[in-house]
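> What follows is a predicted structure for the sequence shown.
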Amino acid sequence: MPHVLASLPYFVAGWLFFCGLYGLTTSRHLVHAVISLAVLQSSTYMLLLGIGYRTGGTAPVFVDISPGRLTVDPVVQALMLTDIVVEAVVVALLLAMVVKAYEKSGSVSPSDLRTLRG
């Protein structure tokens, strides 16, 4: 049973990835596509949590921890924070593009945006 619990973050990351991918490929609305992309990207958070977690590990504050004590990897935590910032910027940029597309065409359906071709 401990092996199943240790691999649970990887299963959740895969499930989130495929849910986001399914939503992205079947979306008929640009806002739905942006939200599906955000769900797809949130699977990387679970993957990073699974990689960086250590059973019995403490926080990576090395002021009062004795040498040789097991800690959680601080590099993975920094990567996750960077990933959160990148996701926020990508979602904001895509939503701004959706607003511009709506202003130009009056629709947020990807099939209706074919009229915007040069």
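Okay, I see it.
> And Thr58, its phi and psi?
When quoted as degrees, to the nearest 10, the phi and psi of Thr58 stand at phi -100, psi 170.
> That one - nearest residue in space that isn't next to it in sequence?
Leaving aside its sequence neighbours, Thr58 sits nearest to Thr71 (CB to CB, 6 or more residues apart in numbering; 5.4 Å). Every residue, glycine included, has its C-beta placed from N, CA and C.
> what number of residues lie near the one you found?
14 (other CB atoms under 10 Å).
> And stretch 86-103, what's buried?
Glu87, Leu94, Val98, Ala101 (16 or more other CB atoms under 10 Å).
> How about Val72: what's its closest non-neighbour residue?
Gly57 (4.4 Å).
> What separation do you get for Ser7 and Ile51?
To Ile51, Ser7 is 12 Å away according to CB to CB, to the nearest Å.
> If you count surrounding residues, which of those two has more?
Taking other CB under 10 Å, Ser7 and Ile51 do not tie; Ile51 has more neighbours (15 against 11).
> Surely the more buried one is in a helix?
Yes - per DSSP: H, G, I helix; E, B strand; the rest coil, Ile51 lies within a helix segment.
> my guess is it contacts Leu79, does it?
No - using CB atoms under 8 Å as the test, Ile51 is too far from Leu79 to be in contact (9.0 Å).
> sec struct for Ala101, please.
Secondary structure for Ala101, judged by three-state DSSP, is helix.
> mind showing which ranges of the chain have poor pLDDT?
Within the chain, the ranges that satisfy pLDDT under 70 run 1-5, 62, 114-118.
> Helices of that one, residue ranges please.
2-6, 8-26, 30-52, 74-105 (DSSP state H).
> That'll do, ta.
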